[in-house]
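Q: Can you look at this prediction? I've put the sequence above it.
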Amino acid sequence: YIAKEKKKKTNYHYVLWYDIDRTILIKHTEFDYKFPEIKNAAWMYLSSLASSSLPYHAQIVDFLKNHPEVKLAFQPGTFQIKLGAEKLKDIYLRVEIFFCNIEEAEIILNIPARLGGKSKDVLTLAKEIHALGPKMVVLSDGPNGAYLYLNEELWQIPVYPDIAPPLDRTGAG
């Protein structure tokens, strides 16, 4: 299911890191997205796509409508988060398991950035993401571990104990 487009460069991401702060610069190439003919899939994983990929999401929705047995795992990337839940509502409605971090959940739900911990609590965030459609919601929270919202219960797991402090946890969510 991999297509190669001549004269187009791959996507690339740079992590700028200083002390405890980091910024991730993302450059998505605008590929000619075409949904492939998939047979006998049990699961589909959807993640980061370019800002120009909204029509491709519609192709994914069509596939899922024609294949209700396929389960969808969704971990939205930067541009999917910026698109907002309304534009991707048909995707959210089909999600079996959803992954993001706390700050991304706040953006998806249009909640202002945390100010001194005054954001909505994790249970409320998980319930609101669940209300968009996902059956299971997983929210990571950096050094506080991760949460699973399932069957109206919120479960929490701490960060795996490190034998030495990690250099950086970027991408470990």
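A: Everything's here; your move.
Q: which residues in this protein form helices?
A: For the chain, the helices defined by DSSP state H cover 54-66, 78-83, 89-92, 102-108, 122-131.
Q: Please convert those helices to TSV, extending it with mean pLDDT.
A: What follows is these, written out as TSV (pLDDT from 0 to 100):
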stretch	mean pLDDT
helix 54-66	94
helix 78-83	89
helix 89-92	97
helix 102-108	91
helix 122-131	96
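Q: Next, format those helices as CSV and append mean neighbour count and distance to N11.
A: Every residue, glycine included, has its C-beta placed from N, CA and C. Formatted as CSV, the helices of the chain follow (neighbours: other CB atoms under 10 Å; distance: least, CB to CB, whole Å):
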stretch, mean neighbour count, distance to N11
helix 54-66, 15, 14
helix 78-83, 18, 11
helix 89-92, 18, 20
helix 102-108, 20, 19
helix 122-131, 18, 26
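Q: among the ones you listed, which is nearest I163?
A: helix 102-108 (26.1 Å; CB to CB).
Q: quick one: contacts of the helix or strand bottoming out on mean pLDDT in the chain?
A: Lowest mean confidence among the helices and strands of the chain (mean pLDDT, DSSP states H and E): strand 21-27, at a mean of 78. By CB atoms under 8 Å, 6 or more residues apart in numbering, the residues outside strand 21-27 that reach it are 11-16, 48, 77-78, 168, 170.
Q: same check, this time on stretch 55-65
A: 33-35, 38, 44, 46, 49, 70, 72, 80, 88, 90-91, 94.
Q: Using ChimeraX, define a selection of the buried residues within those.
A: Buried residues within the contacts of stretch 55-65, by 16 or more other CB atoms under 10 Å, are selected in ChimeraX with:
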select :33,44,46,49,70,72,80,88,91,94
